[in-house]
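Peer 1: Pasted the sequence and its predicted model underneath.
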Amino acid sequence: MKLASVAHTGFTVNDLERSVVFYRDLLGMHVVHQQETTAPYVGAVTGFPGAVLKIAHLKVSLEDSHTLELLQYVSHPGEPTDRATNRPGNGHLAIRVDDLQGWYDRLKAHGVEFRSEPVPVTTGMNVGAQAVYMRDPDGFTIELVQPARK
């Protein structure tokens with residue numbers, strides 16, 4: 001018995017349409033599926049019987065095997081959690097880019113919140129890369145990474 005692959009990463013969002021605009025229009029991701037569901041299995045899987053969810057699946061490219069799943073609980077909404085990156089239970093999504101400074105400048109001009117300017121990676125397996133943390137509309141940390149030049 002072994003794991004096969006990562007199927008998707010899911011973020012629970014406050015407003016699905018606002019999040020889709022961010023990931024699709026600002027980051028350029030592709031919406032591959034969108035739906036609203038009351039399917040009984042959704043309530044069983046999530047632990048919220050009778051749940052009504054709006055869901056969008058996005059990919060960086062249509063050929064990418066990884067999907068970002070955005071979920072909005074229409075029923076059973078909860079309060080936002082503290083998104084500080086040092087809090088156990090929080091994670092981040094890292095996306096490779098080819099021009100980190102260009103992405104930083106463009107997104108900053110659109111009001112995206114960053115933790116810093118792009119910084120060089122000086123140790124570890126990504127030496128020579130550059131990286132920066134930013135926040136999506138719900139405060140999720142998104143890391144933009146420009147790999148080391150070869």
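Peer 2: Received, thanks.
Peer 1: okay, CA-based contacts and neighbour counts for the rest of this
Peer 2: OK.
Peer 1: buried stuff in the longest helix anywhere in the chain?
Peer 2: Determined from DSSP state H, the single longest helix within the chain is helix 100-109. Buried residues in helix 100-109, defined by neighbour count with 16 or more other Cα atoms under 10 Å: 100, 101, 103, 104, 107.
Peer 1: Which secondary structure elements does that helix sit against?
Peer 2: strand 141-146 (3 or more Cα pairs under 8 Å, 6 or more residues apart in numbering; DSSP states H and E).
Peer 1: Mind doing that once more with 10 Å?
Peer 2: When contacts are defined as 3 or more Cα pairs under 10 Å, 6 or more residues apart in numbering; DSSP states H and E, helix 100-109 sits against strand 130-135, strand 141-146.
Peer 1: okay, the angle between it and strand 141-146?
Peer 2: On the basis of axes from the mean of the first three to the mean of the last three Cα atoms, to 10 degrees, helix 100-109 is oriented at 150 degrees to strand 141-146.
Peer 1: which residues touch helix 100-109?
Peer 2: Outside helix 100-109, the residues within contact range by Cα atoms under 10 Å, 6 or more residues apart in numbering are 26-27, 97, 110, 112-114, 116-119, 129-134, 144-147.
Peer 1: one step back: could I get the helices and strands packed on helix 100-109 as JSON lines with distance to residue 90?
Peer 2: What follows is the helices and strands packed on helix 100-109, written out as JSON lines (distance: least, Cα to Cα, whole Å):
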{"stretch": "strand 130-135", "distance to residue 90": "13"}
{"stretch": "strand 141-146", "distance to residue 90": "9"}
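Peer 1: Endpoint to endpoint, stretch 91-109 covers what distance?
Peer 2: End-to-end distance of stretch 91-109 (Cα to Cα, to the nearest Å): 25 Å.
Peer 1: tell me the centre residue of the chain?
Peer 2: Nearest residue to the geometric centre of the chain (Cα atoms, centre = their mean): residue 93, 5.2 Å.
Peer 1: Just the pLDDT for the spatially closest residue to residue 129 that is not a sequence neighbour.
Peer 2: Among residues not flanking residue 129 along the chain, residue 148 sits closest, at 4.0 Å (Cα to Cα, 6 or more residues apart in numbering). pLDDT recorded at residue 148 is 95.
Peer 1: Can you give me the domain assignment for this protein?
Peer 2: Domain assignment for the chain by automatic domain parsing gives 8-73, 92-146.
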